[in-house]
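Visitor: Return atomic coordinates for the entry below.
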Amino acid sequence: MGVSVSYVVGCEGLAMSRLPGDGVEAVHETCQVAPGAHWNRYLKGSGALELTPETWRLVQTDVSCRGYTDAQLDDYQGLSRKRFLWRPPLRMRIRARFSHGRDELRGTAGFGFWNDPFLMTGWRPPALPRAVWFFFASPPSDMVLDSAVPGHGWKAMVLDALRLPFIVSLPLLPVVAMLMNVRVLRRWIWPPFQRAVRGSESLLDVDMRTWHTYEINWMPASTSFSIDGRVVLDGVPAPTGPLGFVVWLDNQYAVITPWGRLGYGLLKIVGRQWLEIGEIHIEPLQVVSGASVDKLAVSRRH
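Guide: Okay, here's the model as predicted:
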């Protein structure tokens, strides 16, 4: 495995910010060969990684609800959070499809960046979650970030619960949860807490079974999400880094609502379901003056 450097014409005042030997490389994967040294595999239960001539496929088959199953690729196992690789400004682009639509897929799945707060890939101090990603959860999951958006489904989402305004408000949450059970009060009480965690989300009205190109532009002040070039969530707050990249498919569900419902469990999955990846591109960016600049793309060559 080596490093190749290529120049391409850029625009919108952006340029690559990392050079060979200057830390993390940009990632340009066409998924035509096995995942290289950049990637960690995390396969639990019946979770598997299948390689096709042109794609990587994360697979689950006949999953029991008695054990956790996960098929995952990430780039942060073995790292402390302060050494996670990615921070704004950057652009992520991934081409993906699923075996099932949003009404049939089971568990959780997605791709993007987070801080792995729940000790899933090794010991780190527990933390509140921080994420910028495309995220799917099936019923009975009910994870409410925006009280106007259902707690499950296929979403574009940002969240930063490690901010000081939210941390200092934690002692108030039991009282807030009780008051939030009065529906007429929800629209008045929850928005300040949603702003404190910089939480924003949008349901995605796309067929998950067909190929789409998903893109995140994660800038220092704001974040935008697009699918096939169409913006689906724009101008939302940006979590701070560093975060790690993850793409996964598992069998868990969670219930976390502002009005105090909490729950967690594992789902039985009959048959086979998968998440298939055709390309992954992650490009660190730097805002510079001028309307058009060159971008220095550092590509991994196998």
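
Visitor: show me the contacts for the nearest residue to residue 277 once chain neighbours are set aside.
Guide: Spatial nearest neighbour of residue 277, chain neighbours left out: residue 56 (4.7 Å); criterion: C-beta to C-beta, 6 or more residues apart in numbering. Bear in mind the C-beta positions are built from the backbone N, C-alpha and C, glycine included. Applying C-beta atoms under 8 Å, 6 or more residues apart in numbering, we find residue 56 in contact with 31, 35, 49, 50, 73, 276, 277.

Visitor: Please look at the second one and residue 72 and confirm they touch.
Guide: Put plainly, it is residue 35. No: if you go by C-beta atoms under 8 Å, residue 35 and residue 72 don't touch, sitting 11.3 Å apart.

Visitor: okay, and the common contacts of the two?
Guide: Counting by C-beta under 8 Å, 6+ apart, the contacts common to residue 35 and residue 72 are residue 41.

Visitor: Restricted to strands, list the contacts of residue 56.
Guide: 49, 50, 73, 276, 277 (DSSP state E).

Visitor: Generate a ChimeraX selection restricted to the buried entries among those.
Guide: Only the buried members of those enter the following ChimeraX selection, criterion being 16 or more other C-beta atoms under 10 Å:
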select :49,73,276,277
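
Visitor: quick one on the thing from earlier: looking at residue 35 and residue 72, which is more packed in?
Guide: residue 72 (23 against 17; other C-beta atoms under 10 Å).

Visitor: I'd assumed residue 187 was in a helix, is it?
Guide: Yes: counting by DSSP: H, G, I helix; E, B strand; the rest coil, residue 187 is found in a helix.

Visitor: In contact with it, which residues are there?
Guide: residue 147 are the contacts of residue 187 under C-beta under 8 Å, 6+ apart.

Visitor: Next: residue 203.
Guide: 149, 150, 153, 154, 155.

Visitor: which of those tops the neighbour count?
Guide: Going by other C-beta under 10 Å, residue 155 tops these with 26 neighbours.

Visitor: if I look at that one, how far off is residue 66?
Guide: Distance, residue 155 to residue 66, using C-beta to C-beta, to the nearest Å: 28 Å.

Visitor: Likewise for residue 101?
Guide: In terms of C-beta to C-beta, residue 101 sits 27 Å off from residue 66.

Visitor: Please say which of the two ends up with more neighbours.
Guide: Neighbour count, other C-beta under 10 Å: between residue 101 and residue 66, residue 101 has more, with 13 against 8.

Visitor: my guess is the more buried one contacts residue 205, does it?
Guide: No: using C-beta under 8 Å, residue 101 is not in contact with residue 205; the gap is 11.5 Å.

Visitor: Now residue 112: closest residue in space, sequence neighbours ignored.
Guide: Leaving out its chain neighbours, the residue that sits closest to residue 112 by C-beta to C-beta, 6+ apart is residue 133, at 2.3 Å.

Visitor: Quick one: neighbours of residue 122, just the number.
Guide: 12.

Visitor: my bad, should have said residue 256
Guide: Using other C-beta under 10 Å, residue 256 is surrounded by 15 other residues.

Visitor: who does it bridge with?
Guide: On the basis of DSSP bridges, residue 256 is bridged to residue 143, residue 262.

Visitor: Pull up the per-residue confidence for it.
Guide: pLDDT, residue 256: 78.

Visitor: Could you list which residues are in contact with it?
Guide: 142, 143, 144, 262.

Visitor: gap between the second one and residue 43?
Guide: Pointing back at residue 143 there. 24 Å.

Visitor: And for the last one?
Guide: With distances defined as C-beta to C-beta, the gap from residue 262 to residue 43 amounts to 28 Å.

Visitor: List the buried residues of stretch 214-228.
Guide: By neighbour count on 16+ other C-beta under 10 Å, the buried set for stretch 214-228 is 214, 215, 216, 217, 218, 223, 224, 225, 226, 227.

Visitor: between the residues you listed, which is closest to residue 88?
Guide: Comparing the buried residues of stretch 214-228 against residue 88 with C-beta to C-beta places residue 218 closest, at 4.7 Å.

Visitor: Near residue 213, how many residues? Count them for me, please.
Guide: 15.

Visitor: what's across from it in the sheet?
Guide: So, taking DSSP bridges as the rule, residue 213 has residue 95 as bridge partners.

Visitor: go on, residue 248?
Guide: Beta-bridge pairing of residue 248 under DSSP bridges involves residue 72, residue 110.

Visitor: What distance do you get for it to residue 120?
Guide: Taken as C-beta to C-beta, the span from residue 248 to residue 120 is 10 Å.

Visitor: cool, residue 29 as well?
Guide: According to C-beta to C-beta, residue 29 stands 22 Å off from residue 120.

Visitor: So for these two, which sits in the more crowded spot?
Guide: Neighbours were counted for residue 29 and for residue 120 using other C-beta under 10 Å; residue 29 has more, 22 against 17.
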